[in-house]
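Novice: One predicted model, sequence on top.
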Amino acid sequence: MDEEVEELRSRVQNLEELLGKDDECLTVFRLPPAMNELLRLLIATSTVTPAMMRRLKIVTESKVTIMRLRKHLRGWDIKINCSRKTGYWISDEDKERVRTGTVTRL
C-alpha cells in the first residue's frame, strides 16, 4: 500500500511539472484559470486533444475554450494550430518565446 501511495505521489508531481505549475512565465497573459491550465498544457506537450482536456478536467467545451484562448493570444502573436485527427499545438518557436518571457503585446 505504501509503495502505491508513493508511486501515485510521484505521478502527481510529474504531471504538475509537465503542466508547469511552478512556471511563472504565463502570468503576463492574465488568463482565467481554465485557459491558463490549457495554455500550460499546450506549452508542455507536443499536441493536446479534446479527450486530454476532458480527462484532465481542464475544460468541458474544448472548442469554445480554444476559440477564446486563440482570441486572447492573437494580441500576443501566438498561434494555436489544429488538425482534426491530431489535436491542437503551439509551434516550438512560440513555446520558446513564452518560456523565455520574450512575448510582447502587439
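Specialist: That came through, no problem. Numbering: from 1, shown residues only.
Novice: Mind jotting down where the helices sit in the protein?
Specialist: With helices called from DSSP state H, the chain shows them at 2-19, 33-44, 50-55, 62-74, 92-100.
Novice: among those, which is the most enclosed?
Specialist: Neighbour counts (mean count of other CB atoms under 10 Å) averaged over each of these peak at helix 33-44, with a mean of 19. Where C-beta positions appear, they are placed from N, C-alpha and C, glycine not excepted.
Novice: Name the residues that touch that one?
Specialist: 18-21, 23, 26, 29, 31, 48, 52-53, 56, 58-59, 65-66, 68-69, 72-73, 80, 88-90, 95, 98-99 (CB atoms under 8 Å, 6 or more residues apart in numbering).
Novice: Which other helices and strands does the helix or strand of the chain with the lowest mean pLDDT contact?
Specialist: When each helix and strand of the chain is scored by mean pLDDT, DSSP states H and E, helix 2-19 comes last, with a mean of 77. Judged by 3 or more CB pairs under 8 Å, 6 or more residues apart in numbering; DSSP states H and E, the packing partners of helix 2-19 are helix 33-44.
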